[in-house]
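>>> Based on what follows, work out the 3D shape:
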Amino acid sequence: MKVLVTGGGGFLGGVIVRMLRERGDQVRSFSRGDYPALAALGVEQIKGGLEDREAVQRAASGCDLVFHVAAKAGVWGSYDDFYRTNVVGTEHVITACRSNGINRLVYTSSPSVVFDGTDVEGGNETIPYPAVFEAHYPKTKAQAEQLVLEADSPELAVTSLRPHLIWGPGDNHLVPRIIARGKAGKLRRIGTRPNLVDTVYVDNAARAHLLAADRLFPGSCVAGNCYFISNGEPLPLWDMVNKILAAADIPPVTRTISPKLAYAIGCICEGLWGRFGLSGEPPMTRFVAHELSTAHWFDISAARRDFGYIPEVSTDEGLVRLRNWLHA
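This is a model prediction of the structure:
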């Protein structure tokens, strides 16, 4: 096959590209930059942004399958920026699939699209979207996911995967943030509850995308559905944070603040950053305060049933690989 991966130069997208090349597929990456690692794999690269409809059209030309992985992530920023990349960009991908006769589209979503600030324990795909979102990222990802699922048709089969807190070697988001704040002594446990959280090792998340694509065709049980993807090993959140810190030889987090205080700090920070246009990301937001003080783990049996997803790399094995990568 000839496969387009949007965001092929990113963390998850890069692993998807590698796995596709390992099994012999031709791959084209659509990203904002040039990536020597992709060139070394024999990947065709097209530069551009998702907001550029014509560039997306060119990238999709001649392809049989699209993995739409690229997105604007983060907990702070302009709503217009998130909307332009995550919603308008996804509209452009759907349009490009239709106009180029591509009949399969796998979309990378996020469990945050159903997060309402309360505990989710063993939740499945019937959880509704919340009425109110506390951050622009989950709001625009939910809008984009709905566009994708509504686009499912006899001509274009679509599915949406929701990998939860992806980590592993090459991570440029979650692990570096934890390590940087841990080194600076800026991490605090929020509350004392052992709230369980499931995560997913990056190779497992990437493999889930390929498995879903292989079972995806118009009218299949995968088409038109969304799926939670994780390692299936819920752990207390701060135990997992401390395991990542230990992989980098950083002491564990022991100091604690209350969830109410963290939420109040988030409100104040959002007000200050919003009013005065301060640069960078606030040290706390309402969304992060809720995310770090609640349980959120999901039932992955639908992915097991519909496309045979089995997490092949355990959390413990992934941590060994992460430690080796960090020390290399």
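>>> send the alpha carbons of the longest helix belonging to the chain over as CSV?
Ordering each helix of the chain by length in residues (DSSP state H) puts helix 259-276 first. Output for helix 259-276, consisting of C-alpha atoms alone and laid out as CSV, is shown next (Å, rounded to 0.1, in the frame of the first residue of the first chain):
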residue,chain,number,x,y,z
PRO,A,259,-6.9,19.2,44.9
LYS,A,260,-8.9,22.3,45.9
LEU,A,261,-5.7,24.4,46.2
ALA,A,262,-4.4,23.1,42.9
TYR,A,263,-7.7,24.0,41.2
ALA,A,264,-7.6,27.5,42.8
ILE,A,265,-4.1,28.0,41.6
GLY,A,266,-5.1,26.9,38.1
CYS,A,267,-8.0,29.4,38.1
ILE,A,268,-5.6,32.2,39.2
CYS,A,269,-2.9,31.3,36.6
GLU,A,270,-5.4,31.1,33.8
GLY,A,271,-6.7,34.5,34.7
LEU,A,272,-3.3,36.1,34.9
TRP,A,273,-2.0,34.5,31.6
GLY,A,274,-5.3,35.4,29.8
ARG,A,275,-5.5,39.0,31.0
PHE,A,276,-1.8,39.9,30.6
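>>> What are the buried residues along stretch 77-96?
Of the residues in stretch 77-96, 82-94, 96 count as buried by neighbour count, 16 or more other CB atoms under 10 Å. For every residue, glycine as well, the C-beta is placed using N, CA and C.
>>> For that stretch, give the mean pLDDT please.
Per-residue confidence for stretch 77-96 averages out to 97 on the pLDDT scale.
>>> So which residues make contact with it?
Under the criterion CB atoms under 8 Å, 6 or more residues apart in numbering, residues 6, 49-53, 56-57, 59-60, 66, 68, 70-72, 102, 105, 107, 136-137, 139-141, 143-144, 147-148, 151, 156, 158 lie in contact with stretch 77-96.
>>> For the buried ones among these, write the corresponding ChimeraX selection.
Selecting the buried subset of the contacts of stretch 77-96 in ChimeraX, with 16+ other CB under 10 Å as the burial test, is done by:
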select :6,50,56,59,60,66,68,70,71,72,102,105,107,136,137,139,140,141,143,144,147,148,151,156,158
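>>> Show me the contacts of stretch 77-96 that map onto strands.
Of the positions in the contacts of stretch 77-96, 6, 66, 68, 105, 107, 158 sit in strands, assigned by DSSP state E.
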